[in-house]
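Student: sharing a model prediction with you, sequence too.
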Amino acid sequence: MTTLPSEMQHLAHTDALKGSRSFQNFKQAVKTLEELSVSCRGIERVQLLRRWLVSLKEIERLSLPLPVSELVSSPQSIDYIYTTDDSKNSPREPTLVLYYDPDLGGEPLNFRDVFLSSQALEGMILSMILEAPDAEEVSLLMEIFGLCLNGGKEVREATMSSIKVLAKAFSSYKEEVLAKKEELLLHAQGAIAGLKINVDIALKEALSQLQFLSKMEALLLHEKSLLSRVVPESQSQRVFKLKVLSESLSGSVSKTEERNTENRIQKEGALKFRVVKTGEISQLEKVRFPRRVPSGHSINCF
């Protein structure tokens, strides 16, 4: 009998069986889940579905509140949920393996979060359309639907019925369906994605995105404050200096023009004064010293 590779067993069942709390890479876990969902066939697919179901049920159980009596009688009950006693080495004492995305930040996620974030369920549906499921696979998938899909029993049964119809169509009418194969598979994938319980995942991703955006906004505001203190102030200083320089030049030109005007007026006044004085002196000289005409000469006015 074929068994799942160790990597498959680890990823699907670590939440229930791993002996110490650890953090796994979120993106790598998603990638591995999606690859396994479309690559497993036969007994490997059955085993994968079993481990998915066990892990999802374990997460469901751990998410339920403990009875008050158990909390009182066992103060370490919360720690017991998330860790195991390595000395006992008992598989009945599960730990919760968490997955973390360093790029998104936020709170670590459990297997159910990773499973719903991935397209592993969609990949499994495509696998069953291409290779019809047996009775055990149908039963396992119906239980997984109950943990991962919105809606009641009718929705789950209708979904499974559609899977069977598509699987039969793909096996019986290969030539006719081949042209629309990709379109039908994409439609089925989109339908399953729309039914998945993803509110919690979307909320966590939104919170992580908001935290990331808040950090970016803080950085941008810090950068903006630095720029507002450096660049605008430098520009304002340059404008102020230019204004002072232009006003200084304008004042110098005005003063120069005023001085030139005053000098010109003074020169003109001094010239007029000298002309007037020269004329006055000439008249006084004529009065004091009249010009004599020699004897024997007459004054001829023409």
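Tutor: Looks like it came in fine.
Student: am I right that Pro133 is in a helix?
Tutor: No - with DSSP: H, G, I helix; E, B strand; the rest coil as the criterion, Pro133 is located in coil rather than a helix.
Student: that one: neighbour count?
Tutor: Residue crowding around Pro133 was assessed by other CB atoms under 10 Å; the count is 22. Placement of C-beta: from N, CA and C, glycine included.
Student: excluding covalently adjacent residues, which one is nearest to it?
Tutor: Nearest residue to Pro133, sequence neighbours excluded (CB to CB, 6 or more residues apart in numbering): Leu141, at 6.7 Å.
Student: please, which helix or strand holds that neighbour?
Tutor: Secondary structure from DSSP states H and E places Leu141 in helix 135-148.
Student: rewinding a little: relative to Gln47, how far out is the residue nearest to Pro133?
Tutor: Noted for Leu141: a distance of 14 Å to Gln47, by CB to CB, to the nearest Å.
Student: please apply the same query to Glu182.
Tutor: 29 Å.
Student: and these two? Which one has more around it.
Tutor: Neighbour count, other CB under 10 Å: between Glu182 and Gln47, Gln47 has more, with 19 against 9.
Student: so Leu121 is in contact with Glu34, correct?
Tutor: No - Leu121 lies out of contact with Glu34 (CB atoms under 8 Å); the separation is 9.8 Å.
Student: count the neighbours of the spatially closest residue to Glu136 that is not a sequence neighbour for me.
Tutor: Nearest residue to Glu136, sequence neighbours excluded (CB to CB, 6+ apart): Val46, at 5.9 Å. Residues lying near Val46 (other CB under 10 Å) number 17.
Student: show me the contacts for Val46.
Tutor: Asp134, Glu136, Glu137, Leu140 (CB atoms under 8 Å, 6 or more residues apart in numbering).
Student: Leu121 and Glu34: which is more packed in?
Tutor: The neighbour comparison of Leu121 against Glu34 (other CB under 10 Å) goes to Leu121, with 24 against 17.
Student: quick check: buried residues in stretch 128-140?
Tutor: Buried residues in stretch 128-140, counting neighbours by 16 or more other CB atoms under 10 Å, are found at Met128, Ile129, Pro133, Glu137, Val138, Leu140.
Student: endpoint to endpoint, that stretch covers what distance?
Tutor: End-to-end span of stretch 128-140 (CA to CA, to the nearest Å): 12 Å.
Student: now do that stretch: everything it contacts.
Tutor: 41, 45-46, 49-50, 52-53, 141, 160, 163-164, 166-168, 170-171, 184-185, 188.
Student: buried members of those residues into PyMOL, please.
Tutor: Provided next is the PyMOL selection string for whichever of the contacts of stretch 128-140 are buried by 16+ other CB under 10 Å:
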select buried, resi 45+46+49+50+52+53+141+160+163+166+167+170+185+188
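Student: give me the neighbour count for Cys40.
Tutor: Close neighbours of Cys40, defined as other CB under 10 Å, add up to 21.
Student: any idea how far it is from Leu126?
Tutor: 12 Å.
Student: low-confidence ranges, the stretch 51-200 of the chain, go.
Tutor: 64-95, 173-179, 198-200 (pLDDT under 70).
Student: in terms of helices and strands, where is Ala169?
Tutor: Assessed by DSSP H and E, Ala169 sits inside helix 153-172.
Student: would you turn the buried residues of stretch 128-140 into JSON lines with distance to Leu96?
Tutor: Below are these laid out as JSON lines (distance: CB to CB, whole Å):
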{"residue": "Met128", "distance to Leu96": "29"}
{"residue": "Ile129", "distance to Leu96": "33"}
{"residue": "Pro133", "distance to Leu96": "30"}
{"residue": "Glu137", "distance to Leu96": "27"}
{"residue": "Val138", "distance to Leu96": "29"}
{"residue": "Leu140", "distance to Leu96": "23"}
